[in-house]
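In: Based on what follows, work out the 3D shape:
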Amino acid sequence: MKRVFGALVVALFAAAAIVVSWPELLRLEREFPFAQLVALRPLLIGAFVAIALLFLILSLGRRIRAFCLWITLVSLVAAAGGAGTLALRGLGAETLPPKTDDSIRVMTWNTAGPATDAQTIAETAVAMQADIVALPETTMDTGRAVAVAMRERGRPMWAHVDSYEGPDSWDANSTALLISPELGDYSVIESEARGTTNTTIVPSAVAMPVDGDGPVVVAVHAVAPRPDEMASWRSDLQWLADQCATDDVIMAGDFNATLDHMARLGIDDADLGRCHDAARSTGNGGIGTWPTDVPAPLGAPIDHIMATASWKPEGSVVISSLDDSGSDHRPLVVQYTRR
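Out: Predicted coordinates for the structure are as follows:
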């Protein structure tokens with residue numbers, strides 16, 4: 001009887017490990033609490049390693065040795081599978097290739113409102129030679145200040161913003177988008193809060209080329225998957241996938257989602273709509289962009305830069321040197337060339 005009970009417990013533990021580590025197998029990747037757990041995959045790996053060590057020690061007791069060794073084996077398999085997933089997505093590329101006349105650079109940084117100084121944002125964007133800068137949680141005043149500071153440093157930018165009505169103290173009501181004049185004239189589409197023309201709780205800015213030449217640019221900010229906002233979060237991800245339905249789109253921002261959450265939202269072999277995640281393609285897909293108070297390899301990669309197949313990613317970098325700048329997100333920069 002004890003052996004039967006032990007085998008049942010091992011089977012249940014194995015099932016739980018599979019569901020927690022790969023919830024997309026049962027289409028639970030956008031359901032509470034699996035969405036929250038899989039977002040922090042490195043911590044899951046650490047938890048399984050800790051369980052394996054604990055039960056390996058407990059296996060010294062002869063009576064429960066077989067049971068403990070089975071739990072240890074399941075934990076190690078789950079940890080190895082999670083580590084393999086991160087390794088396939090990329091565990092860190094530190095440099096970008098030299099920028100050429102045919103390439104553009106896209107940068108995204110959730111600035112956490114006034115937590116990040118406009119001069120710091122501008123200095124970073126200029127140093128990275130960014131042509132497109134997506135700034136979730138950034139007001140128009142801050143976006144303009146960044147554009148002015150970049151112009152003074154020899155890199156002029158047009159500043160656009162989309163915002164929702166709400167508390168003035170909540171900078172998540174605004175998303176700023178800076179675009180180099182070299183890419184042409186752009187206009188941001190007017191959005192409708194809590195409607196079908198934008199993300200639900202916090203805004204995303206959709207910029208269209210006025211002259212019809214150039215990519216559609218989307219500065220992304222999806223709501224966080226809090227227990228009371230799960231429906232809105234799922235709606236936001238679907239809306240973002242729908243924005244990437246044409247052939248020439250670049251999306252950048254705080255998706256509040258990892259690649260695990262985007263399962264079944266891509267078309268063909270793409271990650272979200274027709275868009276492909278550049279960090280995964282260039283060796284950084286497993287590096288955390290949030291939060292900054294844990295090392296990047298242990299964080300959640302919820303900030304993304306994506307584009308349709310018209311754009312070839314040549315390199316990416318997650319900037320960890322600015323973890324003390326105020327924001328709880330790290331900047332992400334990608335270099336593209338047109339195919």
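In: got a list of what the closest residue to residue 188 other than its chain neighbours touches?
Out: Leaving out its chain neighbours, the residue that sits closest to residue 188 by CB to CB, 6 or more residues apart in numbering is residue 160, at 4.5 Å. C-beta here means a position set from N, CA and C on the backbone, and glycine is covered the same way. Neighbouring residues of residue 160 by CB atoms under 8 Å, 6 or more residues apart in numbering: 143, 176, 177, 178, 179, 186, 187, 188, 205, 207.
In: ok, then the element right after the biggest helix by length in the chain?
Out: The longest helix of the chain (DSSP state H) is helix 65-89. Heading C-terminal from helix 65-89, the first helix or strand you meet, by DSSP states H and E, is strand 103-108.
In: other SSEs contacting that following strand?
Out: strand 132-136, strand 249-254, strand 303-307, strand 332-338 (3 or more CB pairs under 8 Å, 6 or more residues apart in numbering; DSSP states H and E).
In: closest to residue 29 out of the ones you listed?
Out: Residue 29 sits nearest to strand 303-307 of all the helices and strands packed on strand 103-108, at 15.7 Å, using CB to CB.
In: Which pLDDT does the model give residue 166?
Out: Predicted confidence (pLDDT) for residue 166: 64.
In: what about residue 61, distance to residue 8?
Out: Separation of residue 61 from residue 8 (CB to CB, to the nearest Å): 20 Å.
In: What of residue 283?
Out: Distance from residue 283 to residue 8, by CB to CB: 42 Å.
In: neighbour-wise, which of these two wins?
Out: residue 283 (17 against 10; other CB atoms under 10 Å).
In: which ones are touching the more buried one?
Out: Applying CB under 8 Å, 6+ apart, the residues near residue 283 are 90, 91, 92, 93, 316.
In: Go through the residues you listed and give me the one with the most neighbours.
Out: Result: residue 316 is most packed of those (other CB under 10 Å), 27 neighbours.
In: So residue 161 belongs to a strand, correct?
Out: Yes. Applying DSSP: H, G, I helix; E, B strand; the rest coil, one finds residue 161 inside a strand.
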